[in-house]
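A.B. asks: Following is a predicted model, sequence given first.
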Amino acid sequence: MKHTLLSLVLFSSFSLFASADEESLARGKKLYDTPGLCTTCHQPTGAGLPGAFPPLTNSEWVEGPLSNLVKITKYGLMGEIEVAGTKYNGVMPTPLNLGKPLTDQEIADILTYVRMTFSEKKEAVTLEQVQEILKDSKTTGMFKASDLEKPSE
Ligand code: HEC
């Protein structure tokens, strides 16, 4: 009996955690797929468009430090960058949702979706992580590829 109770408690707290992540994942998918947000350039599959938009699948930047991903998603990105062995030198404008800058929660949700769908990192990204990364960010305007932290090979 004791055992059953314990597993019940464990099971329900586990599903509580799982559902918070699942909700973030669902919100993130909706945002990612919004025309004009990520999907338009990086494509629904995350494969990008050869020669124009880099892939999110098999990208060392998506696998690498979270701080890069948060800053790219918050500010956009410009300047030369190598992704999965190919060089790009394009512009990703600051992402807007219906004309407004993304909130920290929207950034967490989009990155939860991106990491869980297109990378080996199957962890959710939380609002607290995003706030911590952005708290001493002095960036104004777009983020430069040369300011990114190098992902480990
Ligand atoms: C208008 C097209 C466009 C949109 C919309 C866009 N991106 Fe990008 N993205 C780019 C381009 C172009 C680059 C490469 C920029 C450079 O050359 O410096 C890039 C680079 C990136 C990178 C780093 C390189 C890689 O492929 O891993 C990430 C991560 C990324 N974008 C994520 C996102 C996310 C998340 C969204 C949605 C919030 C988004 N992008 C929306 C065009 C876009």
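C.D. replies: That came through fine.
A.B. asks: contacts, neighbours, all on C-alpha from now
C.D. replies: Will do.
A.B. asks: And the spatially most central residue of the chain, which helix or strand is it part of?
C.D. replies: For the chain, the residue nearest the mean C-alpha position is residue 111 (2.2 Å; Cα atoms, centre = their mean). Assigned by DSSP states H and E, residue 111 belongs to helix 104-118.
A.B. asks: how far is whatever helix or strand comes next after that helix from where the chain is centred?
C.D. replies: Using DSSP H and E, the helix or strand that follows helix 104-118 in sequence is helix 127-134. For helix 127-134, the separation from the chain centroid amounts to 12 Å (computed by Cα atoms, centre = their mean, to the nearest Å).
A.B. asks: can the helix or strand just after helix 127-134 be found next to the ligand?
C.D. replies: The helix or strand immediately downstream of helix 127-134 is strand 143-144, counting by DSSP H and E. No: Strand 143-144 does not reach the ligand (Cα under 6 Å from any ligand atom); its nearest approach is 6.8 Å.
A.B. asks: Which elements pack onto strand 143-144?
C.D. replies: helix 66-75, strand 77-78 (3 or more Cα pairs under 8 Å, 6 or more residues apart in numbering; DSSP states H and E).
A.B. asks: Adding mean neighbour count, mean pLDDT and distance to residue 21 as columns, could you present those in CSV?
C.D. replies: Below are those laid out as CSV (neighbours: other Cα atoms under 10 Å; pLDDT from 0 to 100; distance: least, Cα to Cα, whole Å):
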stretch, mean neighbour count, mean pLDDT, distance to residue 21
helix 66-75, 21, 96, 17
strand 77-78, 22, 96, 27
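A.B. asks: Including distance to residue 39, could the ones you listed go into CSV?
C.D. replies: Converted to CSV, the helices and strands packed on strand 143-144 look like this (distance: least, Cα to Cα, whole Å):
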stretch, distance to residue 39
helix 66-75, 13
strand 77-78, 16
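A.B. asks: Of these, which is nearest residue 23?
C.D. replies: Shortest separation from residue 23 across these is recorded for helix 66-75, at 19.2 Å, computed as Cα to Cα.
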